[in-house]
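Student: 3D, please:
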Amino acid sequence: MKAFTTCAQQDGILVVNKPSGPTSAACIAKIKRQLGQKKIGHAGTLDPMASGVLLVLLGQATKLSGHLMAAGEKIYAGTLRLGEATDTWDAEGTVTERRDASHVTEAMLADGIASWIGETEQEVPPYSAAKHQGKPLYELARKGLETPVKTKTVRITSAEIQWVDFPHCRFRVACGSGTYIRSLAHSLGIRLGCGATLTELTREYSHPFGLDSAHDLDTILGNPDRFAECVTPLHAALPNWPLFTLSGDEEARVKNGMRIPFRGWDGNPAAGFDPGATALMQNADGVPVALAECGLDNGAPAWVIIRGLWN
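Tutor: Below you'll find the model as predicted:
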């Protein structure tokens, strides 16, 4: 049996450049097993075919998942092939239809991709982890059972063509969390009347990290002595959350589940009370303690704890 180096449990974000092929779960399992990270999670998976930014959450960072996924815009670059449809809506599936795409022009492609922009209802792929009566759709599809048509609301903020080399087209899209890029390709194929299949996908950005911050999985696993250097601290995952430093007494009260009287922001002690404003609370040593927001305590302005970041 191969011996693995067990590293100390880290608290932070590991930005992984996921390779195409393995599932996100398999990548995370390797980090957990080979580097001894028992407390581990993620902020949005990638399909096996996809590569790019995978945010792996370690230790206390696992408590940030909902905040990262709710606020985080993602940017993808993808390639699709016209004239073909598959059962999974990407190149990993079985071809279900081939049609002539010679009538499609670059202008038609540009118009179709631009039509993605906005808030729309998107059909969920039949081969996906979305659930029906407690079971993932892909389980039903693999058994040859009928999968119900499910839709979800998605938000696309930008979409553009990068290049066209018929029958292939490269595009870039910025979207909200939970968007299925292969659904976008599939819907474009329907719009153009020829079918379209996603053949390649790279996640270039997952708020607030890009590929320039990512580490290759093999590099991470192959250098356990430098693993801690790859981990980004908690506060970097929430760049829009101001830091608020607690006094020793305030830290003790927070860790006892108590609200603390409001006082101004670090660096601006006279800052006014702003209901709903959030902050990342840290102790005097700079160790994150809690996520908090401005609220009330018996009618008086106070810091209300949203999520504790201590064991």
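
Student: And residue 92, how far from residue 47?
Tutor: Residue 92 is 8 Å from residue 47, where distance means CB to CB, to the nearest Å. From N, CA and C alone the C-beta is placed, and that goes for glycine too.

Student: And those two? Which one has more around it.
Tutor: More crowded of residue 92 and residue 47, by other CB atoms under 10 Å: residue 47, with 22 against 16.

Student: OK, contacts around that one?
Tutor: If a contact means CB atoms under 8 Å, 6 or more residues apart in numbering, then residue 47 has 90, 92, 182, 201 as its contacts.

Student: Assess the claim that the first one and residue 49 are in contact.
Tutor: Which is residue 90. Yes - between residue 90 and residue 49 a contact is recorded at 5.7 Å, counting by CB atoms under 8 Å.

Student: shared neighbours, the two?
Tutor: Between them, residue 90 and residue 49 share these contacting residues under CB under 8 Å, 6+ apart: 198, 201.

Student: who's more crowded, these two?
Tutor: Using other CB under 10 Å as the criterion, residue 90 and residue 49 rank with residue 90 on top: 25 against 17.

Student: That one: what's it in contact with?
Tutor: Counted by CB under 8 Å, 6+ apart, residue 90 has contacts 47, 49, 182, 185, 197, 198, 199, 201.

Student: Test for you: state the pLDDT assigned to it.
Tutor: With respect to pLDDT, residue 90 scores 94.

Student: now it: how far from residue 182?
Tutor: Residue 90 sits 5 Å away from residue 182, going by CB to CB.

Student: what's the overlap in contacts for those two?
Tutor: Listed as contacting both residue 90 and residue 182 by CB under 8 Å, 6+ apart are 47, 197, 198, 201.

Student: who's in contact with the last one?
Tutor: Contacts for residue 201 (CB under 8 Å, 6+ apart) come out as 46-47, 49-52, 76-79, 90, 181-182.

Student: ok so it is a strand residue?
Tutor: Yes - assessed with DSSP: H, G, I helix; E, B strand; the rest coil, residue 201 lies in a strand.

Student: is the residue lying closest to residue 213 once chain neighbours are set aside in a bridge, and if so with what?
Tutor: Of all residues not flanking residue 213 in the chain, residue 15 sits nearest, at 4.7 Å (CB to CB, 6 or more residues apart in numbering). Under DSSP bridges, the beta-bridge partners of residue 15 are residue 55.
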